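# just need the structure, nothing else, for what follows:
(4 chains)
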Protein chains: 2
Amino acid sequence: MSDQGKKHRTGCLVAYGVDTFGDRWTLLVIRDMLLHGRKTYGEFLTAGEDIATNVLALRLKHLEAEGVIEKTRDPDNRRSFIYNLTEKGLALAPVILEIARWSGKYIEADEGRQSLLDRIEEDRDGLLADLARRAKAQKSGRQNA
Amino acid sequence: MSDQGKKHRTGCLVAYGVDTFGDRWTLLVIRDMLLHGRKTYGEFLTAGEDIATNVLALRLKHLEAEGVIEKTRDPDNRRSFIYNLTEKGLALAPVILEIARWSGKYIEADEGRQSLLDRIEEDRDGLLADLARRAKAQKSGRQNA
DNA sequence: GATATCACTTGTAAAAAGCAAGTGAATTTT
DNA sequence: AAAATTCACTTGCTTTTTACAAGTGATATC
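Residues are numbered from 1 along each chain as shown, chains lettered A, B, ... in the order given. Take a look at the predicted model:
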């Protein structure tokens, strides 16, 4: 009936991150929003890793409560909601990219992923700017490039 | 009787990271090693956030199995073991620092933590080099500076 | 009006985390 | 050299989370 259990609340910066996204699903949802432009409950559910529907609901609530994402009605479909990253959520982009970068050193990346890795190395700031731009475009209802 | 449950194994770079350190404790152990120079079971146990002893044992086993840390005997005390970051574990430093950086934007940092945040902004590469140096010094048994 | 879609909720089982106590080997104390 | 202590865990049990399956209510489509 609650969010995701105990918090460390020790003042530690790493612990605060862990409290916010330290579980098996949260970062994948943020990845979906940030990197794949997904934004509805249904899109998160069918995103490949098979998150359970109740767990997804909990995570989204938690992220909303933490101010990482925000939920609005879809103006074009009254039974749909749109989830967007807030500034705080978008600020997780460097974390996501460093995780990807780390993993890229230890597992094989397919073509698409390798090109992301390449871009991280060659044009990290530009990539971050693009992700921010896309997130904001999405938020204001525009199509992303 | 096993490590930490289901893996996503989807090829996703973020998912691989989550599989490796996506839980409430793993990143704190890595933080302890990387930032606080802790290296024994006892030091991890009493590190402030009160991890349960059996959970710590599981996490250490998992990290060792994943090649993130390595366990050696303490040459000075035959009942003690020393845990060190491997190259793979040390490569997590940028992830840890980005998490700290993100958190630093949203919670208050005390003096010591703020100086870490300042150093991340002003001399990230130097800081990373120092952390690597310290980790390696520790590994070869030298005192860290 | 019937059927499908979307975003969930509810109930229950399985897994993991948390808690307390215990074990065995090495070390220190007496 | 026997006794007490330390260190690194393990074991057993309870509580909390996660996972799985099915169900609900409000749109929307056929």
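# which residue sits closest to the residue nearest in space to the middle of chain A in space, ignoring its chain neighbours?
With distances taken as C-alpha atoms, centre = their mean, the residue of chain A nearest its centroid is A:I30 (1.0 Å). Distances taken as C-beta to C-beta, 6 or more residues apart in numbering or on different chains place A:L92 nearest to A:I30, at 5.7 Å, with adjacent residues excluded. Where you see a C-beta, it was placed from the backbone N, CA and C, and this is true even at glycine.
# does DNA strand D sit close to the host helix or strand of the residue nearest to the centre of chain A?
A:I30 belongs to helix A:26-36 when elements are defined using DSSP states H and E. No - figure legend: helix A:26-36 not in contact with DNA strand D (C-beta under 7 Å from any atom of the strand); closest approach 8.9 Å.
# which stretches of chain A form helices?
Here chain A has its helices, by DSSP state H, at A:13-21, A:26-36, A:41-45, A:53-65, A:87-90, A:93-104, A:111-139.
# deepest of those, which one?
helix A:13-21 (a mean of 25; mean count of other C-beta atoms under 10 Å in any protein chain shown).
# run through who's touching it.
A:7-9, A:26-27, A:30, A:66, A:68, A:92, A:95, B:24-25, B:27-28, B:31, B:35, B:49, B:96, B:99-104, B:106-107, B:109, B:113, B:116-117 (C-beta atoms under 8 Å, 6 or more residues apart in numbering or on different chains).
# in chain A, where is pLDDT below threshold?
A:1-5, A:142-145 (pLDDT under 70).
# which bits of it sit near DNA strand C?
Counting by C-beta under 7 Å from any atom of the strand, chain A sits next to DNA strand C at A:5-6, A:40-43, A:53-54, A:57, A:60, A:71, A:74, A:77, A:79-81.
# repeat that for 10 Å
A:1, A:5-8, A:22-24, A:39-46, A:52-58, A:60-61, A:64, A:71, A:73-74, A:77-83 (C-beta under 10 Å from any atom of the strand).
# ok, which of the residues you listed also contact chain B?
A:5-6, A:8, A:22-24 (C-beta under 8 Å from any C-beta of the partner chain).
# check contacts around A:K105.
Here A:K105 is in contact with B:88, B:91 (C-beta under 8 Å, 6+ apart).
# nearest spatial neighbour of the residue in chain A positioned nearest to DNA strand C, chain-adjacent residues omitted?
The minimum distance from chain A to DNA strand C, using C-beta to the nearest atom of the strand, falls at A:G42 (2.9 Å). Counting by C-beta to C-beta, 6+ apart, A:G42 lies nearest to A:S80, which is 8.0 Å off, once chain neighbours are set aside.
# didn't that neighbour look like it was pressed against A:K71?
No - look at A:S80 against A:K71 with C-beta atoms under 8 Å: they stay out of range, at 10.8 Å.
# on that earlier part again, distance to B:L128 added to the helices of chain A, as TSV?
Compiled in TSV, these are given as follows (distance: least, C-beta to C-beta, whole Å):
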stretch	distance to B:L128
helix A:13-21	16
helix A:26-36	22
helix A:41-45	34
helix A:53-65	29
helix A:87-90	24
helix A:93-104	11
helix A:111-139	15
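# quick one on the thing from earlier: so which of the residues of chain A next to DNA strand C are also by DNA strand D?
Within the residues of chain A next to DNA strand C, those near DNA strand D by C-beta under 10 Å from any atom of the strand are A:1, A:5-7, A:22-24, A:52-58, A:73-74, A:77-80.
# can you select the buried ones from these in PyMOL?
Per 16 or more other C-beta atoms under 10 Å in any protein chain shown, the buried members of those correspond to this PyMOL selection:
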select buried, chain A and resi 22+23+24+56+58
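# show me the ones next to DNA strand D among the residues of chain A next to DNA strand C that map onto strands.
A:R73 (DSSP state E).
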